[in-house]
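1. give me the fold of what follows.
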Amino acid sequence: MKAQIRLIIFGILIFVLIIVLADAIYVVSETNQVIITQFGEPKGGAITAPGLHIKVPFIQKTNYFEKRWLEWDGDANQLPTKDKKYIWVDTYARWRIMDPLLYFQRVRDERGAQTRIDDIIDGQTRNAVAKYDLNEIVRSSNREFELTEESAVLLDSQYVVAETKVGREKIAQIILEESSKITPEFGIELKDVQIKRVNYVDEVQEDVFARMIAERQRIAAKYRSEGDGRSAEIRGQKERELKRIQSEAYRTAQEIKGKADAEATKIYADAYNLDPEFYQFMKTLETYRVIMDKQTWMLLSTDAEFLKYLKSTRQ
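-> Next comes the predicted model:
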C-alpha cells in the first residue's frame, strides 16, 4: 500500500515538474525577440538570441515581437494642397521594432504601434502636402511629354507646363525624414514611406469628368465636321468625275453617230447616183408605210406629187 502511495506521489511530482519546466522554458526563433515581464513590468532587456531560454515559471511572462520588417498601410485622407486643391492621398510604409523594451513600454503591441504610426505619418503627410502645389504631388520630374487634345483634359494646363521643383518622390522622402524623427520615441524604425495613390475628391472629380466629357464631345464634333467636309469633297469630286465621263462619252457617241450618219449619207448618195428614179420610188414607198395605216385619212388633189407613183401604177 505504501509503495503505491509513493508511486502516486512520485508521478504527481513528475507531472508538476513537467508543467513547471514547460512554463519555465521558452523558445526564441530567428524571426522573434522576447521581453520578459513579471507582474506586468519588464525584467531585463530584449532577448534576441535564437534558441531555448529559461524564465521563472508562472511568475514571468514572455512577450514576443517581430524582428522582421512590418507593413503599414494607411487609409486615404482628404488633404488640401498649397494651391487649395482638395485631394485624397493614400500612403504606405515599412517599419520594424528597433528597441523592443521601449516599444513594449510605449505601445505594448503591434496594434498600438499601428495606431501611433497612423498618427505620425498622417500628420506629416498633411503638413508636407499643404506646403506644395498639386503639380508637385502628382509629378516626380520635369520629363517632357507631348500634350494632345485627348490628354490635355486630364490635367489643368498650368500643371502640365509648370516646372516641378520638388516632386512626388522628394515629398515622400520628406514625410519619411520627419516621421523618422518621432518614431524612435516608441522604439520604432521607419524604413520607407511612399505615396501610393493621389486622387481628386468627389466634388472635384465630378467637375473633371464633366470637363472630360465636354472635351471629348468637342473632339467628336470636330471629327464629325472634318468627316462631313471630307465627305462633301469626295462627293464633289465624284460629281465632277461623273460629268467628265458623261461628257466624254457623249462626245464619243456624237462622233460615232456623226461618222455613221456621214457613212449612211454617202451610201444613200451613192445609191441615188446609181438610179435616182428608183431611189425616189423606194423613199416614197417607205414614207407611205410610215405615215399611212388603216386609221389614216388623207385629202389630196389628184395631181399631188405625193400620189405620183400611185397614179403611175394605174397607167
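2. which strands and helices sit next to the lengthiest helix in the chain?
-> Longest helix in the chain by number of residues (criterion: DSSP state H): helix 202-274. Helices and strands touching helix 202-274, by 3 or more CB pairs under 8 Å, 6 or more residues apart in numbering; DSSP states H and E, are strand 86-97, helix 149-152, helix 276-291. Heads up, the C-betas are built off the backbone N, CA and C, glycines and all.
3. swap in 10 Å and give it another go.
-> Of the remaining helices and strands, those touching helix 202-274 by 3 or more CB pairs under 10 Å, 6 or more residues apart in numbering; DSSP states H and E are strand 86-97, helix 149-152, strand 188-200, helix 276-291.
4. so can I have a markdown table of those showing mean neighbour count, distance to Asp228 and mean pLDDT?
-> Formatted as a markdown table, the helices and strands packed on helix 202-274 follow (neighbours: other CB atoms under 10 Å; distance: least, CB to CB, whole Å; pLDDT from 0 to 100):
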| stretch | mean neighbour count | distance to Asp228 | mean pLDDT |
| --- | --- | --- | --- |
| strand 86-97 | 19 | 41 | 94 |
| helix 149-152 | 12 | 19 | 50 |
| strand 188-200 | 17 | 36 | 92 |
| helix 276-291 | 11 | 56 | 74 |
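5. any idea how far Ile234 lies from Phe281?
-> 61 Å (CB to CB, to the nearest Å).
6. which residues does the closest residue to Asp73 other than its chain neighbours bridge with?
-> Leaving aside its chain neighbours, Asp73 sits nearest to Tyr92 (4.7 Å; criterion: CB to CB, 6 or more residues apart in numbering). Taking DSSP bridges as the rule, Tyr92 bridges to Asp73, Gln194.
7. tell me the contacts of Tyr92?
-> Neighbouring residues of Tyr92 by CB atoms under 10 Å, 6 or more residues apart in numbering: 71-74, 121, 192-197.
8. hmm, try it at 7 Å
-> Contacts for Tyr92 (CB atoms under 7 Å, 6 or more residues apart in numbering) come out as 72-74, 194, 196.
9. so it versus Arg197, what's the distance?
-> 9 Å.
10. domains in this protein, by residue range?
-> 2-66, 70-200, 278-314 (automatic domain parsing).
11. let's verify His53: helix, strand, or coil?
-> Three states are possible here, and by DSSP: H, G, I helix; E, B strand; the rest coil the one that applies to His53 is strand.
12. number of nearby residues for it?
-> 15 (other CB atoms under 10 Å).
13. try Gln60
-> There are 17 residues near Gln60, going by other CB under 10 Å.
14. what's the pLDDT at it?
-> As predicted, Gln60 sits at a pLDDT of 94.
15. now do Ser312
-> 54.
16. what of Gln78?
-> Per-residue pLDDT puts Gln78 at 91.
17. these two touch, right, it and Lys85?
-> No - using CB atoms under 7 Å, Gln78 is not in contact with Lys85, being 11.1 Å away.
18. more neighbours, the two?
-> Neighbour count, other CB under 10 Å: between Gln78 and Lys85, Lys85 has more, with 19 against 12.
19. how near is that one to Val201?
-> 9 Å.
20. also Ile36?
-> Separation of Ile36 from Val201 (CB to CB): 49 Å.
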